[in-house]
Structures are given as structure tokens and as C-alpha cells.
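Student: pasting the sequence and the predicted coordinates here, then a few questions.
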Amino acid sequence: MATVTLTPTKVPDLRLEADNIKPDVFAGKKAAEIADLHVFIGNTQYMLGEFFEVAGDGGASAAETTIVIDGDVSRVKYIGMKMTDGTVLVKGNADMYVGAWMEGGTITVNGDADAFAGMGMTGGEINVAGNAGNYLGAAYRGDWRGMQGGVIRVGGNAGSDIGTFMRGGEIIVNGNVDVHVGTHQEGGTIIVKGDAKSKVGGQMVEGEIYVFGDIEVMMPGFQHVEDADLEVDGVSGRFACYKGDMGERHPRRKGETIYGKLYLKY
Amino acid sequence: MAKMVTDVICPFCGTLCDDLEVSVSDDGTKILDVYNACAIGAEKFLHSQAKDRVTRPRMKQEDGSWKEVSYDEAVEYAAKMLADSRKPLMYGWSSTNCEAQAAGTELGEIVGAVMDNTATVCHGTTLIAVQDVGVPSCTLGEILNRADRIVFWGCNPAHAHPRHMSRYSIFPRGFFTGKGAKGRKMVVVDPRVTDTAKTADIHLQIEQGRDFELLTAFRVAFKGEWLPDFVAGIPKKTIYEVADTMKSGRFGILFFGMGVTQSLSKNHNIDQAICVTRDLNEYTKWNIMPMRGHYNVTGSGQVWGWLHGFPYALDLSRGFARYNPGDTTSNDLLVRDEVDAVFVIGSDPGAHFPNRSVKKIWDLPSVCMDPHLTPTTAVCKLHVPVAFVGVETGGCAYRMDNVPIECRKVVDPPEGMLTDLEFLERVVARVKEMKGA
Amino acid sequence: MAEYLIKNGFVYDPVLGIKGDKVDVAVKDGKMVETSALSNPAEIDASGMTVMAGAVDIHAHVAGPKVCVGRNFRPEEKLFRAKPMAGIKRMEGGFSVPTVLKTGYDYARMGFGFVMEAAMPPLYARHVHEEIRDTPIIDEAALPVFGNNWFVLEYLKNHEIENTAAYIAWLLRMTRGFGVKNVNPGGTEAWGWGLNCPTVNDPVPYFDVTPAQIIRGLIEANEYLGLPHCMHVHSNSLGEPGNFTVTLDTLKQAEGIKARNAFGRQQVLHHTHLQFHSYGGESYASKSFESKSKEVIDYVNKQDNITFDLGVVTLDETTTMTADGPFEHHLTELNHLKWVNTDVELETAAGVVPYIYSPKTFIAGAQWAIGLELGLFAKDPMRTFVTTDHPNAGPFIRYPRVYKWLMSKAAREDMLDNVLKYGNTVRDRCYIGEIDREITLFELAQMTRAGPAKALGLEAMFGSLKPGMEGDVAVYPYNPETSEDPEDIELAFSNAQYLIKGGEIVVKEGQIVSNGNKRTFWVNCKVDENPQVERDIAEKFKRYYSVNQGNYEVYAHHYVPNPYVIEVDATQ
């Protein structure tokens, strides 16, 4: 495993776009070549080396490449975007689009991640120790195909619009979430271990949402079906099981209508 | 002796009335009176004649005072500001014509700007919803000729689009609607008892922030499924009844405005309203239409649509077009300190943006093109007054139903004053020189 | 002005009858000329390459409100696909619904000189023209829609051909339009109430006129006027299994009518995207669905007065958009994807829905087959034109792929054996597997140049390299003597080495080097004064339109800054 360490040396005055910070791009490159990679502030091109000290060479492939960002990158966008393999560790906060359109590999953010983390994700793992922003694991604008695979874990709270148009994969938030969980969801699993505000499961076609804490206002399209004892992500408990969103269309398979499922922990 | 200019288009709101008549002095220089317009439209024409109108660009001095400069100096400042910046924001575009919008887009491409229009604080959420679920809609004439069910959700046309109900939506006697208002049922959904709500057959006084829930409840009701006793403060019996009223019409229309586009849930409200409309098409004929505010915000969305494929929040900084509200939208960019210059035209963010954003405009190099003195011109470094589109220069504007209408020139602008298009073309030329094109 | 001599190329010109001979081609002052007319030309060496006149697209949805909403509501199809600005090229975006810049550049890259915007809603004419104006390089025109227009419905109920003709002439001027488009006749007005007219005999609600009357009436009115193009129809029940009977009923409306015009046009009915209208069976299931291309083409082959374009399905994720409002609603009910609808007062409607033609499904494979069968069964390539009803059956950038399929049986077999999941079922239910014919380059030139130009009444300007024609010349890196791989066809026709448009080089060595000087074509038709129609127009504007009559016409210069006006005198 080859590790490339990026130490931030300068805070960008606007915002830095660093779509090149990913194992796929660093693989096969020496430190000097990595430092020469392009980053952007608006319409102006810079080199990665102008904002980071680069130590270490990339591995032979993305899978064999680890990137460690040793500091705060709360003004650096697109870290790990579209990566297919390898590891990225951010020892600080990261700006928008962490792991957006990710296909594989692992990203860990020790601090907070801003909006659009894991957007359009198809595989891999994102772990955010702190809080995540809005649009976690959401679909890109207009795409009815949202997150399709992979796992996103958030240690703290998350914002609004998580898992919109989700099709597969898992999102687990340890803390609380803001409005709109799983809007237009058509597959996949969302687990909120804290509280949710409202608009949970709106327009849900299929898939599963678990909420351990409270929901302030329930969506009117959910009908209570039964109570059940379940184990969810290592936590056992009694859950009220709802089906819905009853205002939305639902597929039929093997003669049965398949609904979205909402589980509220007692 | 006065001359009457007829078929005049009112350049104020998205209703884009085109039946105004303006009497002008015999020598064609003064507007004497305006007929058929609402109070707002009439004022747009009449106040353009104000004696204290600013007629030349002004640059803010070190001590905060304003000094008049020439258009050439203004072009120089604007061109230099844009050419030197790494991520300029070019915002507004809604109160000008399509020709200026297109010229401005060329400018934005050359300098690598983010271009945004007033939808960003208004119907941008509608545009997001349309991208997610589409939009069954129609032209305003379809309403006047066919509609017998009208819903105003989160909008107050009596105040914001004063002639809407008389020209299109409630009162006209059209081809299939000979009974006029008597043959129509009007539903208003609004937490407030507005002047529009007072004329409705049904007023649902919805609990604030619960539009998404109530819209969902309608979809549940269409399917005859169970509902809780109350949704958004509305009793379920009423919800089922109104759902039936909507289904029983032969042509329904749902108009909506900022009450749902910019309240809790934003684009999800519109998304669900569109889904309600879509569901209704299984039973009868229904359409939905946003009550666009500025008279040509729609045009800005169309121009960017055909040039770049995105209707607002257009990021051209990397040499190709990108779009993602939340990232490429004006307030996010300003508040996150992501832009280094601000160019405003045909809008008043100083009045409409949150204070946190306006403070950034104050801090940054900034230009505002506007015939008026506004809160925006007050915080910018350069104020460029221009002719009023639809009064002093023509050009295309798009109505709230996307119908393009050519605005008319009724009188000349003040001596020596440029139009938006003329100023922008000069800035484009100067920027090209600076960049050695 | 500029002089060019294109030397040593293999020339295909149906009008001059050149079938691949090495002939030198000359351009001067914007026009094709004899080589002897040149004094000091810039030389273009076309050795080993194919030379044809600039291509003509008779039907594509590239400009206007439904195209624009198609772009605006599909940010996801632009993601990661943008082409940055470079040189004189502005930014390009989109795939199935390209931005206007990309549209112009991509057509130029394929050697096209003229494109017809297939459907213009009259009330939105300014929008269509703004997009046409901003589309670089290619000359364009637009066809206003008439088949659901209240004036037309009322006049044709009583077969008032002269009044219909007067209205058509008026509307062409108001909208700067080119000809008569007829989409889902009657059915789109029924859609104003959520209804439709599935057959040619279903009367339009309230107006009580049938699609058959509308079709025949518009043909007659078109010939009364002697317009350059004939009535251009998208018949009822598009996409429905079993609709071939409706198609034949539609085509039969042209029987006995002779073309009457001063432009060399010999046909009176053009049926567009015939593929979508040649279905048999009762459902999309492979047990039921079948191709009826042969039955339809047998009729077309017998009737000399019909032209048609293919509408080939290209098996892409694309965007459907059409004035067939009820069809689009039906489609969204099938695939549950986002749906845009716009009903246009007194005139028409439109719908837009994304669609995925997956090669993993039987039905997409069958649709693919049917479009090609129509082209391969057709007897007269001068009456058979290549289209994909862009973007409905596929993006126009796929035309070279369609050429490959038409010109190579091996390429078709490869699709049936290796690409289509249900290739064998497609062989069963469709004719494609039995057809050996391979379209030749000469026939391709007929189907993409000379034929469409003639059908549009533009044979004096486009479709040939004959001296006097517009200086539109395309040079493709395709060597007919040595090329064996069908993939070469697709590659070459997607990447013209040169395009000379109006006598100016716009594509040079495969690169766009100019934004050209595009023209907007429209037809100005003079008719006798008709006080009845004038009064009807005034009345409808006063009472039913939401705009004033004085604001309807596209009069301002900036919409059509570079017009090419075709004058027609239809006074009696």
C-alpha cells in the first residue's frame, strides 16, 4: 500500500476545486507529478503543489493507493469524486462533493463533510465522523437514478434531502437529520439513529427507512401495518412498521404490491 | 395632441399583459397616460418620466459619495473587473430583454462567470422540481377557454399579478367557458386570508410549512386511501371533498407561487404539486403553472436553456457549463465567499437577498445596471443606468407560460442613455481586447 | 470571394448521375460552378475520400419551446459530457437534446447544410426563431403545425379549401414558417380535454371533423397554394401496436391528388418517422407484436405521390418530444419517467418524456428493425429519407450509424446476433433477417441529399453539386474502393474532413473553423384577399387568444436577421 500525504499549506481565498484528488489519478505517479496536477479556483488553473505539500508516491493502481490529507480542507471541493478504488483519509473537514459519484474504495472524513457527499454513489464506503451537510447520498439534479450502492456512515448529524431518489446501498446517520429523508426513494436503506424533523419517506416507492428517534410530523401517506422486534445495524428493539407512501405509485411483483417501508423504533 | 400607441406590452410581471395603450405627446417624447394596465404596470411607464432620473453612470468614491462618470469609463471598469476576476457572479437578467441576456451570456462565457437569475430566490425550486418530475402545463389562453377548476396555491394574484384573474384565470368568457367566473370553482390554499382568498369558493387555510404534507394527502385521497384526521391543519373530510372537486372538473389548473417555492420543502412542494397534477390526468384534464414574477425571468431561463441547457445557476467558470443549485446558486456562492466580483443587471438583490449575501456585494468589486436607485445600486461600486425595456427599447420577453412576446419601444430613452444590450456589447468588445482575443 | 477546387474525390451526385467517379468539384462566390470558371482556387485534395453535396435533414426537433424544456429538464444528460469552448467554438452541451451550438457544430461535422425544424407551435414562433438564429452554420426552416388548429378544424369541417389556404398563407407569414405540418390530426385538440383520436374516422370533440377530413383538406390546401413542400404528416396512433391500418388510411388520403407547384416537387404527402407507424399486433409482447413495414411500403411503393422518412430507433437513452400530446402522456404512464406537457391555445400541444430504447428488450429491437426495413424495402430512394425523428427515436448524431446499418447486412446481422438480447425473436416477428439489400453510396446520396431537397422544393439550391446550386460540399474520409469494414461508414460520415457551406469552409481537416453565416428560410405566399378569413382571425384574437393580434407576428428583425424568403404567388 502506497500512501500519498497532502498537507495543506495555504487556505484558498475562494474555493478550490480538486477533482484530481483521488486514488485513480494519483496511482502510478511520483510525488512531484502529483504536485503538478491541476486544481482550479474559478476560471484559473493552479497546481496542487501550490496548496499542499505532497509526500509519497502513488501505488501501482488505485486499489494500492492511499491518500491522507493531513489538515483542514473545508474549502476544497470534490475530494474523492468518481474514485473506483483505494483509500482517502481526511484529517479535518471537507467541502462539498466528498465521494460524489464514487464507485469503490473508502473515504474517511474525521471532521465534517459539506453538502452533496456521496451524490450519485454506486459503490464504496464513505465514513464521516462529524456532521454531513445537505443532499447526502442524493441523486444529481434531474436523475431518477440516485445512489445505487455502497455505504455512507455519519457519526454526527446530517442535513436535509438525504437519499433522494435512492435505489440501493445504505445510509446510516448516528445523529439527527433535517427535513426530507428518502424523498422519491425506490430502493436501498436509510437508518437515522437520532431524530428526524418531518417529510420522512415522502413520495417513497420502495426501500426502507428506519428512525430510532422521534419524527416531529409524520407524512400522511404512511399506514401502520404491525409492530415487530428487529435488529437494525447492531441495535435491537421494537419497531412500529409502516407502509407507504400511499399517494405514490407502487410496483407489483408476483401478484403483490410492493410498498416502501418505514420503521419507527419505540 | 396625443398619439396613442396600442398593443403595448407591460414590462413588469410574468403576466406580461400585451393590451396596454399608452398615449404619448405629439412629438413622441413624453408618456402622458397609460390605459388598461394595473396600478403597478401604469407606474412602470409613468415613473420612467421622473425628473430626478439618473441618466449617467456613477462611481462610488473612497468617501462613499458618488461621482458621475462617462459610459466609456463605466465600460472600462466593468470590463476590467470581469476580465480580472477568477469567479465573477453575473446575476439578475430578469428585467431585461432576451437580446441583452444573450449578449451577457457571451460575456459570461468569455470571462468564465457564474450566471444566475432571479429564479434563484423565487421559482428556481420550480425548475428543480421540473427537472425531477416534469410539468404538465399549458398556455394562459387554454385556461381562459377551457378551465373550470382553478387552484391558487401559495400565491396572491390579487396583489402580485393584478390582471391575471381578469385576463386569464377567473373572469374571462372563452370558447368553452361562456359563463365566465360563474362556471368556475376557485380554490385558494394560503395560511393568510388574502384578497385572493376572499374571492375563493374554497379557502384552505393551511398550516405553514406543511404544503408537502397536504399535497401528499391529496394524492392519497385520489386513491381513496386512509388519511389521518388532520393534515396541515385541514380536516380529512375537507381534503377528500376538495380532491373530488378537483377530479370532477373537466379542465383544471394549479397556479402556485412563492408561498410554496420558498417555504419549507421548496422544490419538494412543487414536485409534489406537479405529481398531484399528473395524478389528476388519470381522471380528467389538469395542468400546473408557476406564477413567474419578473417579466422576463422566464426568458433568461430559455436563453440559457438553448445556449447551455440549464435555466439558472449556470457555472461557466471552467470553460463548459455546470449546474447544481446549492453550489452554483448566488446566495450560496456569496455566503461561502466563492466569488470575487459581482455584476448585477435587471434585478434588485440588495432588496431580495439575505443580508449576509448583500454584505458580500458591498465588500466585493461590483457593478449594477439598473435605471433606478435601488438597495443594490447603493452597495455596488459602479451604477450604470440604462433604458427601460418595453418603454424605451423593444426586445423579446417570455411570459409565465413561456410564450414569447416582442416588447415595444414607446418613447426614446433620455438623451445619450444606453440600453442594456448596447452597454453589454461594449463590455464584450472591451473584454475581448483585454484578453487579446 | 473564395474559390475552392475539391480534387480527386469519389463523387456521388444523383442529379448529375455521378456514381463514384473521380470528378473535380468547384465552388466560387458561394455557389457550385464549372471547374473552368475558377481562376485561382484554394485546392482541397479529396483523394481516397467521398464527396457529396451537403446533406439535407427533412425532420428533426432542434429548435423551439419543447426542445428547450427538453434541455432544461435534463441536467443529468449533460453531466460529464460537456465540450469546452475552443478556438472559434463556443461551449457545447447535451446528448439527445443538444444545445443550439452543439446542434450546429454536430450537423456540420456530419456534412449537413440544411435542417428542417419539424414542428413549430405558431404562438411560440419567436422562440423557434431565436433558437434557429443562434444555431451556427446550418441553414434552417421550421414547419408550423396545422392539424389541430381551430381555424383549420372549422374550415375543413365544411371542406372550405380556399379559406384554409388563405389562413395557411397568413400563418406562414406571421410565423415566418416554411410549410404545412400535421401532427396527430384532431387528436391533439382532443387532448385539450384529455382525449385523443386514435383512427382517421374519430371526430374531434366539439369541432366534429375527422382526421381524414383534416389530412385530405390540408393536402388540397397545400396544392392550392403550390407551396415548395407538401403536407407533412405524423399520423394518428403513433407507437400503438396495430397502427399500420391507421397509417394506410392516412396515406390513402393522398390518392388522386397531383402535386401543383413551381419548385419541382412531385409528391403531395410526406409521412414522417414511418417506423413508429408500421406496427402490427395488439400489444408490445413478442407473442403479439410484429412488423408491418412490408405492408406499408407496398402501398408507398405503388403510389408515386408519397415521400417518407424512416425514424430509425438507435437503441440509445434519448428524449421523446412531439406535438402528439396524448402519446406522450401514454408513454409516461408506461415508463413512469418525468413528463412535460404544454397545451397551446387554439393551435396544438406538445409532450416531452425521456425514453430508454434498451437492446435488452424485444420491443426496442423490433422497432430498430422496422425502421431499417422501411428503408430497405423502399423502391425509390428519391422518396425515402434517413431520419431518427431526432431526438425521438435517437439523437441525430447517430445518422452515420443508421447509414452503416442500411449499407451493410453484416452490420445488421451483428446487431441481431450479438447486441440485441432477443435478436432471434426479432427475426421471427420482423422482416429484417430476410433482407439482403445493402444501400449503395449513390442511393445514400439520394436518401440524404437529392431526395429530401426535392421533397422540400429546394432542388434548385441543395442536394447536388450541379453548377448553380448552393456551394454546400461535404468530403468524408471514406474510400469506397478500399473500405471493407462497415464501421468505417459510421466513422467517416460522423467526421467530415471538409464541409463547405454556402461557399465558405466551416469544417477543415475535421475541425470546426467557422461559425458560418446561417440563413432562416421561410415562405411568403401571396393569396387573394379573403375578408372572411380576415374577420375570423380578428374575431378569434379578440375573444379567444391570450395575446393581441398586433403582437402575434414575428416582425422584429432580430428574430430572423438573415432571411431567405421563397416567394409563392397563389393568387388565382
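Tutor: Received the coordinates, thanks.
Student: quick check: phi and psi on the closest residue to residue A:67 other than its chain neighbours?
Tutor: With C-beta to C-beta, 6 or more residues apart in numbering or on different chains as the criterion, residue A:67 has its nearest non-adjacent residue at 4.8 Å, and that residue is residue A:88. The way it works is simple: take the backbone N, C-alpha and C, and place the C-beta from them, glycine included. Dihedral pair for residue A:88: phi -130, psi 130, per degrees, to the nearest 10.
Student: got a list of what residue 86 touches?
Tutor: Went with chain A since none was named. A:22-24, A:27, A:59, A:61-67, A:105-106 (C-beta atoms under 8 Å, 6 or more residues apart in numbering or on different chains).
Student: was after chain B, sorry
Tutor: Each residue near residue B:86 by C-beta under 8 Å, 6+ apart is listed here: A:14, A:41, A:42, A:43, A:44, B:112, B:317, B:340.
Student: dump the residue contacts of the nearest residue to the third one once chain neighbours are set aside.
Tutor: Computed as C-beta to C-beta, 6+ apart, the closest residue to residue A:42 that is not its neighbour in sequence is residue B:87, at 2.8 Å. The neighbourhood of residue B:87, defined by C-beta under 8 Å, 6+ apart, consists of A:14, A:41, A:42, A:43, B:112, B:113, B:114, B:317, B:333, B:338, B:339, B:340.
Student: secondary structure, pLDDT and neighbour count added to these, as a markdown table?
Tutor: Output for these, formatted as a markdown table (DSSP: H, G, I helix; E, B strand; the rest coil; pLDDT from 0 to 100; neighbours: other C-beta atoms under 10 Å in any protein chain shown):
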| residue | secondary structure | pLDDT | neighbour count |
| --- | --- | --- | --- |
| A:14 | coil | 97 | 19 |
| A:41 | strand | 98 | 20 |
| A:42 | coil | 97 | 23 |
| A:43 | coil | 97 | 17 |
| B:112 | coil | 97 | 21 |
| B:113 | coil | 98 | 27 |
| B:114 | strand | 98 | 24 |
| B:317 | coil | 97 | 25 |
| B:333 | helix | 98 | 25 |
| B:338 | coil | 98 | 24 |
| B:339 | coil | 98 | 25 |
| B:340 | coil | 98 | 18 |
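Student: which of these sits closest to chain C?
Tutor: Nearest to chain C among the contacts of residue B:87, counting by C-beta to the nearest C-beta, is residue B:112 at 9.6 Å.
Student: re the thing from before, let's see which of the contacts of residue A:86 end up in helices.
Tutor: A:23, A:24 (DSSP state H).
Student: tabulate the contacts of residue A:86 (a markdown table), appending pLDDT and neighbour count.
Tutor: Putting the contacts of residue A:86 into a markdown table (pLDDT from 0 to 100; neighbours: other C-beta atoms under 10 Å in any protein chain shown) gives the following:
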| residue | pLDDT | neighbour count |
| --- | --- | --- |
| A:22 | 98 | 26 |
| A:23 | 98 | 28 |
| A:24 | 98 | 21 |
| A:27 | 98 | 20 |
| A:59 | 97 | 21 |
| A:61 | 98 | 15 |
| A:62 | 97 | 22 |
| A:63 | 98 | 16 |
| A:64 | 98 | 16 |
| A:65 | 98 | 29 |
| A:66 | 98 | 20 |
| A:67 | 98 | 27 |
| A:105 | 98 | 26 |
| A:106 | 98 | 21 |
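Student: how much space between residue C:225 and residue C:218?
Tutor: Look at residue C:225 and residue C:218: by C-beta to C-beta, to the nearest Å, they are 11 Å apart.
Student: more crowded one of the two?
Tutor: Between residue C:225 and residue C:218, counted using other C-beta atoms under 10 Å in any protein chain shown, the more crowded position is residue C:218 (29 against 26).
Student: that one - nearest residue in space that isn't next to it in sequence?
Tutor: Excluding the flanking residues, the one nearest residue C:218 by C-beta to C-beta, 6+ apart is residue C:231, at 4.8 Å.
Student: check which residues of stretch C:62-80 are buried.
Tutor: C:62-79 (16 or more other C-beta atoms under 10 Å in any protein chain shown).
Student: residue in chain C nearest to chain B?
Tutor: Here chain C gets closest to chain B at one residue, residue C:345, 2.8 Å apart by C-beta to the nearest C-beta.
Student: and the residue lying closest to that residue once chain neighbours are set aside, how many neighbours does it have?
Tutor: Nearest-residue entry for residue C:345: residue B:141, 2.8 Å, with adjacent residues in sequence omitted and distances by C-beta to C-beta, 6+ apart. Residue B:141 has 25 neighbouring residues, counting by other C-beta under 10 Å.
Student: for the one helix or strand residue B:141 maps to, name the packing helices and strands.
Tutor: Counting by DSSP states H and E, the element that carries residue B:141 is helix B:140-146. Helix B:140-146 sits against no helix or strand, with contacts defined as 3 or more C-beta pairs under 8 Å, 6 or more residues apart in numbering or on different chains; DSSP states H and E.
Student: pull the distance from that helix to the chain's centre.
Tutor: Centroid displacement of helix B:140-146 relative to its chain, using C-alpha atoms, centre = their mean, to the nearest Å, is 21 Å.
Student: residues contacting it, please?
Tutor: With C-beta under 8 Å, 6+ apart as the test, helix B:140-146 has contacts from B:150, B:167-169, B:172, B:174-177, B:250-251, B:253, B:285, B:287, B:289, B:399-401, B:403, C:123, C:192-193, C:343-346, C:544-547.
Student: mind doing that once more with 6 Å?
Tutor: With C-beta atoms under 6 Å, 6 or more residues apart in numbering or on different chains as the test, helix B:140-146 has contacts from B:168-169, B:172, B:174-176, B:251, B:253, B:401, C:343, C:345, C:544-546.
Student: could you list the domains of chain C?
Tutor: C:52-501, C:520-569 (automatic domain parsing).
Student: which SS class is the residue in chain C that chain A sits nearest to?
Tutor: Using C-beta to the nearest C-beta, the single residue of chain C nearest to chain A is residue C:76, 3.8 Å away. With DSSP: H, G, I helix; E, B strand; the rest coil as the basis, residue C:76 sits in helix.
Student: what residues are up against it?
Tutor: Counting by C-beta under 6 Å, 6+ apart, residue C:76 touches A:140, A:142, A:143.
Student: do a quick rundown of the strands in the stretch 51-200 of chain A.
Tutor: Under the criterion DSSP state E, counting those that start in this stretch, the stretch 51-200 of chain A carries strands at the ranges A:52-55, A:65-69, A:76-77, A:87-90, A:106-109, A:125-128, A:151-154, A:170-173, A:186-192, A:196-198.
Student: give the other helices and strands that the fourth one contacts.
Tutor: It stands for strand A:87-90. strand A:65-69, strand A:106-109 (3 or more C-beta pairs under 6 Å, 6 or more residues apart in numbering or on different chains; DSSP states H and E).
Student: okay if I get those strands as CSV plus distance to residue C:99?
Tutor: Output for the helices and strands packed on strand A:87-90, formatted as CSV (distance: least, C-beta to C-beta, whole Å):
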stretch, distance to residue C:99
strand A:65-69, 36
strand A:106-109, 34
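Student: so what does the helix or strand harbouring residue B:377 touch, helix or strand wise?
Tutor: Remark: residue B:377 resides in helix B:375-379, with elements defined by DSSP H and E. On a contact count with 3+ C-beta pairs under 6 Å, 6+ apart, helix B:375-379 meets helix B:349-352.
Student: so what touches the helix it packs on?
Tutor: B:121, B:358, B:374, B:375, B:376, B:379.
Student: how about the residues of chain B near chain C?
Tutor: Listed as neighbours of chain C in chain B under the rule C-beta under 6 Å from any C-beta of the partner chain: B:7, B:18-19, B:130-131, B:133-142, B:145, B:174-175, B:285, B:302, B:305-309, B:311, B:319-321, B:323, B:396, B:402-406.
Student: may I see the ChimeraX selection of the buried members of the residues you listed?
Tutor: Filtering these down to the buried ones (16+ other C-beta under 10 Å) takes a single ChimeraX command:
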select /B:7,18,19,130,131,133,134,135,136,137,138,139,140,141,142,145,174,175,285,302,305,306,307,308,309,311,320,321,323,396,402,403,404,405,406
